[in-house]
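J.: give me a model of this one.
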Amino acid sequence: MRQSKKIAISSVAVALGVAIMALGALIDTIDLTVAAIASLIMVFLYIEIGPPYTYLTWLATTLAAALIFPASLVWAEYFLIFGIFPLLKAFFERLPKPLWWPVKLAYLNAMLLVILWLSSVLLKVPFFEREETWYKIVIFGVMNVAFVAYDLFLTTMAKIYLFKFREKIKKFLK
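T.: All right, here's what the predicted structure looks like:
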């Protein structure tokens, strides 16, 4: 595939990713869901055009969303977890199989702490000031379960794309 076509596909992917994340910026309760859906674009790009353009698309999508929606943390969620995870997933799954889940979950929990810190600093959401430890444990537990489901969802969607749709789309990408 020519470089100009890769740039064009990446540009369309940035626009589509920001448009999808706009919904999450407008409705705060679905920001994680929208960031996860926008990350499917990264799976497609990783398969079709490769890592260099995929990383640039991830960065450009994050920057555009941060500039357009600075009051929402959807861009931070996309930047730290959902946008980069499809790329990191390929790396994590090259490790020995018993390390896959511990490494993935350690990454998730570290990024959740960063996002919670950002929300307390940027948006003045007092998550760390709450006294109830059980509340924090429940939030992290639910996020870990949801993340496992998200990881399995990414794997399923990549397989569906590879085995069902890739041949149909490939003729448009030549």
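J.: so who does residue 38 touch?
T.: Contacts for residue 38 (Cβ atoms under 8 Å, 6 or more residues apart in numbering) come out as 16, 17, 20, 21, 61, 78, 82, 83. Every residue, glycine included, has its C-beta placed from N, CA and C.
J.: state the pLDDT value of residue 23.
T.: The score at residue 23 is 93. That number is its pLDDT.
J.: which of the contacts of residue 38 are buried?
T.: Buried members of the contacts of residue 38, counted by 16 or more other Cβ atoms under 10 Å: 17, 20, 21, 61, 78, 82, 83.
J.: could you dump these into CSV with distance to residue 105 and secondary structure added?
T.: Shown next, in CSV, are those (distance: Cβ to Cβ, whole Å; DSSP: H, G, I helix; E, B strand; the rest coil):
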residue, distance to residue 105, secondary structure
17, 25, helix
20, 26, helix
21, 24, helix
61, 25, helix
78, 19, helix
82, 15, helix
83, 18, coil
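J.: wait, which of those residues is closest to residue 141?
T.: Among these, residue 82 lies closest to residue 141 (Cβ to Cβ), at 19.1 Å.
J.: what sits against the closest one?
T.: By Cβ under 8 Å, 6+ apart, the contact set of residue 82 is 32, 35, 36, 38, 39, 150.
J.: make JSON lines from these and add secondary structure to it.
T.: Listed next are those as JSON lines, based on DSSP: H, G, I helix; E, B strand; the rest coil:
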{"residue": "32", "secondary structure": "helix"}
{"residue": "35", "secondary structure": "helix"}
{"residue": "36", "secondary structure": "helix"}
{"residue": "38", "secondary structure": "helix"}
{"residue": "39", "secondary structure": "coil"}
{"residue": "150", "secondary structure": "helix"}
